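Participant: Here is a sequence together with a model predicted from it:
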Amino acid sequence: MASYYRSEYYCSVCKIINKRKKCPHCGNTKTDGRGTWGVRFRTVENNVNINKNISGLSTKAEAEQKMYKYIEQNKNLTEKDIVIFPTINDVFYTILERKKQTTKESSWSEYELRYIDRIKPMFGDKIINELNLEELKNWQTELDKYSYNYKTKIKSILNNILNYSKEKYNTQNLLLELPKFKKIAVKQEMSIWTEIEFVQFINSVEDLMYKCMFSTLYLCGLRKGELIALKIKDLDLANQTLKIDKTFSRVSYKNKLGKTCSKYLLGTPKSINGYRTILLPENLTKLLKEYMDYKILNKKHSENDYLFGGDDFVKYTTLDNHFKKYIKLSGVKKIRMHDLRHSHVSLVINKHIVSDKYANAMHLVMIIAKRIGDAPEQIFKVYGHLFPNQQESIMDSINIVI
């Protein structure tokens, strides 16, 4: 087999032939059968590997005939000598199918959307061995306007495509010749609320459900997706525990019209550490009991219902809007909702350091990690600066472990 391609497209609106499927004059992408075809294949002539390209043909069938006529005229060629060179698009979706077998939909759908937005428009129809360094330089320059993390992830996708092609088709990865993006170090202070600030905020929340939701985030350190995924059966008021074994994630995708849409996926926690059962403090237990009594009284109670929202869950945007509303009402400083998780860790650290309950700071790190569903090393990396005068203790603990 060989790689057949459309070398020219006929725009049915402008009545002209273009090099690209999308007409540069009117933007039309609908074409009829007119235009020209080509065929590419890799072959061996005189013991030398060469790329053969035959173009300017009226139909795909004619392109096929031309290729086999060429083979017939060169008796030393066999079909084994012919190597297919796919498009960038072909290779990407081969990689994507593999990702679908090993990663969550929230991960691979984000991977696909980045490709569709930033790589496909320029390179999607490009035959992979026809990429040149100049167009890659121009593409990378266009990415410079985005954040370091975002553009690095985009470049990584194209790098995966070219590495795959290098292994399978012995092509070059020209991205390796381009300079890496420069990372500009910007130290960002962690935004947290003190206990006093949270009390000021929560006293302005008059809706019982949202009061419970924000209190659970602050006093348990949950992620937003974990919170809205909670079912009534996950709450055990008698034993004052909350079971975390699922989470919601919101993913973006392109619909048939090319518009970016979003949807919610209910899945497993972020990592194995995310599966946990946590103890509830007395004040939160009382608040949740009041909330459950209200639901039972109003016949809004079913074990399979969502703890917050009933037979349907509370959407991210709804929760975000109420969070911003009560921040404005209370007059506290603005933080992200995820910062309630940071605030929870800060609260726990400060309470235990003041009470000197944990002489060994590493023990406290382990407790926090188990509570918020993270790895101990991640706790130390993110929150290590919140342990005043405890660094030596943590280092000693690590040295003992090693």
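Facilitator: Looks like it came in fine.

Participant: what's the first-to-last distance across stretch 333-340?
Facilitator: 13 Å (C-alpha to C-alpha, to the nearest Å).

Participant: Can you mark which positions in it are buried?
Facilitator: For stretch 333-340, a neighbour-count test (16 or more other C-beta atoms under 10 Å) marks 335, 337, 339, 340 as buried. Where you see a C-beta, it was placed from the backbone N, CA and C, and this is true even at glycine.

Participant: Ignoring the adjacent residues along the chain, who's closest to the second one?
Facilitator: Going back to what we said before, that points to residue 337. The shortest distance from residue 337 to any non-neighbouring residue, by C-beta to C-beta, 6 or more residues apart in numbering, is to residue 323 (5.2 Å).

Participant: so which strand or helix has that neighbour?
Facilitator: helix 316-330 (DSSP states H and E).

Participant: Can you mark which positions in that helix are buried?
Facilitator: Buried-residue list, helix 316-330, by 16+ other C-beta under 10 Å: 316, 319, 322, 323, 326, 327, 330.

Participant: who does that helix touch, helix- and strand-wise?
Facilitator: Packed against helix 316-330 by the contact rule (3 or more C-beta pairs under 8 Å, 6 or more residues apart in numbering; DSSP states H and E) you find helix 195-202, helix 208-220, helix 224-229.

Participant: This structure - how does it break down into domains?
Facilitator: Listed domain ranges for the chain are 3-81, 88-177 (source: automatic domain parsing).

Participant: Present those as TSV; the columns should include mean neighbour count, distance to residue 294 and mean pLDDT.
Facilitator: Below are the domains of the chain laid out as TSV (neighbours: other C-beta atoms under 10 Å; distance: least, C-beta to C-beta, whole Å; pLDDT from 0 to 100):
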stretch	mean neighbour count	distance to residue 294	mean pLDDT
domain 3-81	14	55	71
domain 88-177	16	33	92
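
Participant: Any chance of those in CSV with distance to residue 195 as columns?
Facilitator: Output for the domains of the chain, formatted as CSV (distance: least, C-beta to C-beta, whole Å):
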stretch, distance to residue 195
domain 3-81, 57
domain 88-177, 32
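
Participant: With respect to residue 243, which of those domains lies nearest?
Facilitator: domain 88-177 (20.5 Å; C-beta to C-beta).

Participant: Endpoints of the closest one, how far apart?
Facilitator: The first-to-last residue distance of domain 88-177 comes to 19 Å (C-alpha to C-alpha).

Participant: Determine the three-state secondary structure at residue 37.
Facilitator: strand (DSSP: H, G, I helix; E, B strand; the rest coil).

Participant: Contact partners for it?
Facilitator: 4, 5, 6, 7, 55, 57, 58, 59, 60, 62, 63 (C-beta atoms under 8 Å, 6 or more residues apart in numbering).

Participant: What of residue 127?
Facilitator: 3, 5, 40, 85, 86, 87.

Participant: What is the nearest of these to residue 101?
Facilitator: residue 86 (20.0 Å).

Participant: ok, now how distant is that closest one from residue 67?
Facilitator: Distance of residue 86 to residue 67, given as C-beta to C-beta, to the nearest Å: 17 Å.

Participant: From the buried residues of helix 316-330, pick the one nearest residue 210.
Facilitator: Nearest to residue 210, judged by C-beta to C-beta, of these is residue 322 at 5.1 Å.

Participant: for residue 341, what are its contacts?
Facilitator: Per C-beta under 8 Å, 6+ apart, neighbours of residue 341: 217, 221, 222, 223, 372.

Participant: Check residue 36 too.
Facilitator: Per C-beta under 8 Å, 6+ apart, neighbours of residue 36: 6, 7, 8, 17, 55, 56, 57, 58.
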